[in-house]
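S.K.: What shape does this take:
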Amino acid sequence: MPDASSNNRKDLIDAVWRRVDALAILRPNFFRQTPFRLTMVFLCVYVFVAALVFGYIYLATSTESRAWGNVSVDARIKSLQDIDAREGHAAVVAKILGDDAVEWVFAKGAFDNSGQVLAQNGRARMEGRNLPDTVIREGLKQVSADNPIASINFFSLSPSDPNCCRFQGRVVRLDDNFYLYVAMDMSWADHGFQQEIKAVAGGGLLVVILGLFAGTLINQEVTRSVARVTSVLTQVQEGDLKARISVRDSGDEFDALSLRINQTLDRMEKTMGNLKYAGDAIAHDLRSPLSRLRTKLEVSLFEVEKDTAEAPQVARDALAKALEETDQLLRTFQTVFSMSRLQAQGQAPDQVLFSATELAEDMAELFEAVASDKGLEFESEIEKNVRAMGNRDFLAQALANLLDNAIKYTPVPGGVTLRMRHTSQREIEFSITDTGPGVPEKDRKRISERFVRLENSRTLPGVGLGLSMVEAVAVAHKGRLTVAEGPGEFDGQGPGLRTALVLPPV
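M.R.: Residues are numbered from 1 along each chain as shown. Down below sits the predicted model:
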């Protein structure tokens, strides 16, 4: 049984992760959001400028330390040269051997042209054989009668050794058999540079961490403000014209934007209300007279056909034509009403989980007979046990429009194929493919607009609302309508057309 301390640690870890998630760090789009990207740009600029400043300080300081080291070494060489000029080599050797602790930072020595050490001060002796061996070897190699002074920089031990010191010095030839060297320990400068680098690195890391934290807080605040706007716009897109953005009265840019959007939504709601009222009034005023007209035409046609001997054929044809046109007007009104209802609500009403397989099979059974009457081949490929979420009646009407169009515009001989399946993204796709004349690619975006009819379809009945209704149904179900070329030209027919009603996965 876990103890209380382990439970407390688990609760603490869970609380930390919840806080991190609340800051949106774990969300996939966090690093693509504008506030975070601006924070990163600021940090990059800061780091770049800081690197330039530190680089300049480092170069200036290192140059100054080298120059000061050279001046110090040159002063001591000059002092030894003066002693040699006044008192000879023995006085120089005595001076080096008697060097006191004040000169501890300098390693001094004298050697002959065979490399034999003649004298060393205490610091040179402490560094061991490596220092004089290195100095003597390099001095004899570089110094000559024509070049009596040489600069030498070397390490007393391996650079990886913590006791290693870096020396900067010179070798001077006083005569053919007497050489001097003076080298200054520059470890103090190197240590200072290392401390500067550590300080800059630590400070830079702290600045980056604090900058990221500040950027996360800024990003969270901006994201909240943007989320308020996008949430309301999503509600409006789904049909809720009364949704409004809450204003915090902070006086910032988001409040100004929220006020402007709310004013626009107020005007839009008022305009849409006026249009809906006008449309409803016009539709109500026209639908009733049209219904009465249809009833009178139907009664008149019935009365005329009762006595075929007296009724002229022209009168019967005229009444039948008028009745057909009235039916077309009523269907048009009904379609426009349905589309307006879907677009006003933003989503299909009364959505339930139903069998998409059964819907496709019912449509195939119904339109197979229609295609057969026209002399077309009809095929169906329907995936089993597929379920979809939506309004079955609206979807059935949309599929009927697609199948009716395919059969209407496909000449004999030809064929129509209905398919229903899951796509690779698990979407539910109802597709209808025909072998008709197809639709040019430049016109495919237009055919779903209201009352748009292409030139090759004007001789056939219709008003150009079929695909508009299908697209409205698709959008109301958060799906889409796609239009593409069919199977291509074959035996003088084609290229055909492929239309697909795609619904989101359940």
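S.K.: show me where pLDDT drops low in the stretch 101-250 of the chain?
M.R.: For the stretch 101-250 of the chain, the stretches with pLDDT under 70 are 101, 156-163.
S.K.: Can you show me the strands along it?
M.R.: 106-111, 117-120, 149-155, 166-175, 178-185 (DSSP state E, counting those that start in this stretch).
S.K.: The chain too?
M.R.: 106-111, 117-120, 149-155, 166-175, 178-185, 352-355, 377-382, 387-390, 415-422, 428-434, 480-485, 497-503 (DSSP state E).
S.K.: so which of these comes closest to Phe254?
M.R.: strand 480-485 (32.4 Å; Cβ to Cβ). In this view, the C-beta of every residue, glycine as well, is placed from N, C-alpha and C.
S.K.: Please name every helix or strand in contact with that closest one.
M.R.: helix 466-476, strand 497-503 (3 or more Cβ pairs under 8 Å, 6 or more residues apart in numbering; DSSP states H and E).
S.K.: Tabulate the ones you listed (CSV), appending mean pLDDT, mean neighbour count and distance to Asp404.
M.R.: Converted to CSV, the helices and strands packed on strand 480-485 look like this (pLDDT from 0 to 100; neighbours: other Cβ atoms under 10 Å; distance: least, Cβ to Cβ, whole Å):
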stretch, mean pLDDT, mean neighbour count, distance to Asp404
helix 466-476, 81, 23, 7
strand 497-503, 91, 21, 11
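S.K.: Figure out which of those is closest to Val236.
M.R.: The nearest among the helices and strands packed on strand 480-485, by Cβ to Cβ, is helix 466-476 at 14.5 Å.
S.K.: between that closest one and strand 497-503, how many degrees?
M.R.: If you take axes from the mean of the first three to the mean of the last three Cα atoms, to 10 degrees, helix 466-476 sits at 30 degrees to strand 497-503.
S.K.: what's helix 466-476 packed up against?
M.R.: Judged by 3+ Cβ pairs under 8 Å, 6+ apart, the packing partners of helix 466-476 are helix 313-345, helix 392-409, strand 480-485, strand 497-503.
S.K.: mind redoing it with 7 Å?
M.R.: With contacts defined as 3 or more Cβ pairs under 7 Å, 6 or more residues apart in numbering; DSSP states H and E, helix 466-476 has these neighbours: helix 313-345, helix 392-409, strand 480-485.
S.K.: so how far is Glu377 from Val105?
M.R.: For Val105, the distance to Glu377 (Cβ to Cβ, to the nearest Å) stands at 104 Å.
S.K.: go on, Asp99?
M.R.: 113 Å.
S.K.: which of the two has more neighbours?
M.R.: Shown here are Asp99 and Glu377; by other Cβ atoms under 10 Å, Asp99 has more neighbours (19 against 15).
S.K.: Test my guess that that one contacts Gln120.
M.R.: No: using Cβ atoms under 7 Å, Asp99 makes no contact with Gln120, being 9.0 Å away.
S.K.: sorry, back to before: with distance to Leu481 as new columns, can the strands of the stretch 101-250 of the chain be given to me in TSV?
M.R.: Below are the strands of the stretch 101-250 of the chain laid out as TSV (distance: least, Cβ to Cβ, whole Å):
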stretch	distance to Leu481
strand 106-111	89
strand 117-120	96
strand 149-155	78
strand 166-175	77
strand 178-185	84
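S.K.: and of those, who's closest to Arg248?
M.R.: strand 166-175 (62.1 Å).
S.K.: quick one, domains of this protein?
M.R.: 253-344, 347-503 (automatic domain parsing).
S.K.: ranking those by mean pLDDT, which is last?
M.R.: Here the domains of the chain differ in mean pLDDT, and the lowest is domain 253-344 at a mean of 66.
S.K.: Tell me how many other residues crowd Ser431.
M.R.: Ser431 has 19 neighbouring residues, counting by other Cβ under 10 Å.
S.K.: what bridges to it?
M.R.: Arg419, Ala500 (DSSP bridges).
S.K.: need the contact list for Val117.
M.R.: Gly109, Phe111, Pro132 (Cβ atoms under 7 Å, 6 or more residues apart in numbering).
S.K.: Quick check: the gap between it and Ala472.
M.R.: Val117 is 102 Å from Ala472, by Cβ to Cβ.
S.K.: Buried ones in stretch 234-242, by neighbour count?
M.R.: Val236, Leu241 (16 or more other Cβ atoms under 10 Å).
S.K.: Can you get me the start-to-end distance on it?
M.R.: 12 Å (Cα to Cα, to the nearest Å).
S.K.: cool, and stretch 89-109?
M.R.: 12 Å.
S.K.: Can you give me the buried ones in it?
M.R.: 89, 92-93, 95-97, 99, 103, 105-109.
S.K.: Out of the residues you listed, the closest to Thr482 would be?
M.R.: Val105 (83.6 Å).
S.K.: My understanding was that that closest one contacts Met186; is that so?
M.R.: No: counting by Cβ under 7 Å, Val105 stays clear of Met186, with 9.1 Å between them.
S.K.: show me what contacts Asp434?
M.R.: Ala406, Thr410, Gly414, Val416, Gly486, Gly496, Leu497.
S.K.: and the two most separated of these?
M.R.: Among the contacts of Asp434, the pair separated by the greatest distance (Cβ to Cβ) is Gly414 and Leu497, at 11.4 Å.
S.K.: where do the helices sit along the stretch 151-300 of the chain?
M.R.: For the stretch 151-300 of the chain, the helices defined by DSSP state H, counting those that start in this stretch cover 187-237, 253-306.
S.K.: And stretch 95-114, how far out from the chain middle?
M.R.: 68 Å (Cα atoms, centre = their mean, to the nearest Å).
S.K.: For Glu383, see how far away Ala484 is.
M.R.: From Ala484 across to Glu383, the span is 20 Å (Cβ to Cβ).
S.K.: Met389 now?
M.R.: For Met389, the distance to Glu383 - Cβ to Cβ - is 16 Å.
S.K.: Looking at these two, which one has more neighbours?
M.R.: Under the criterion of other Cβ under 10 Å, the comparison of Met389 against Glu383 puts Met389 first, with 17 against 14.
S.K.: Tell me how many other residues crowd Val207.
M.R.: For Val207, the neighbour count with other Cβ under 10 Å is 14.
S.K.: Among the strands of the chain, single out whichever gets nearest to Glu238.
M.R.: strand 387-390 (15.1 Å).
S.K.: helices or strands up against the closest one?
M.R.: Right, strand 387-390 is packed against strand 352-355 by 3+ Cβ pairs under 7 Å, 6+ apart.
S.K.: who touches the strand it packs on?
M.R.: Arg387, Ala388, Met389, Arg392, Val506.
S.K.: who's in contact with the third one?
M.R.: Counting by Cβ under 7 Å, 6+ apart, Met389 makes contact with Gln351, Leu353, Val506.
S.K.: The closest residue in space to Gln425 that isn't next to it in sequence and His477, how far apart?
M.R.: Spatial nearest neighbour of Gln425, chain neighbours left out: Pro505 (7.2 Å); criterion: Cβ to Cβ, 6 or more residues apart in numbering. For Pro505, the distance to His477 (Cβ to Cβ) stands at 12 Å.
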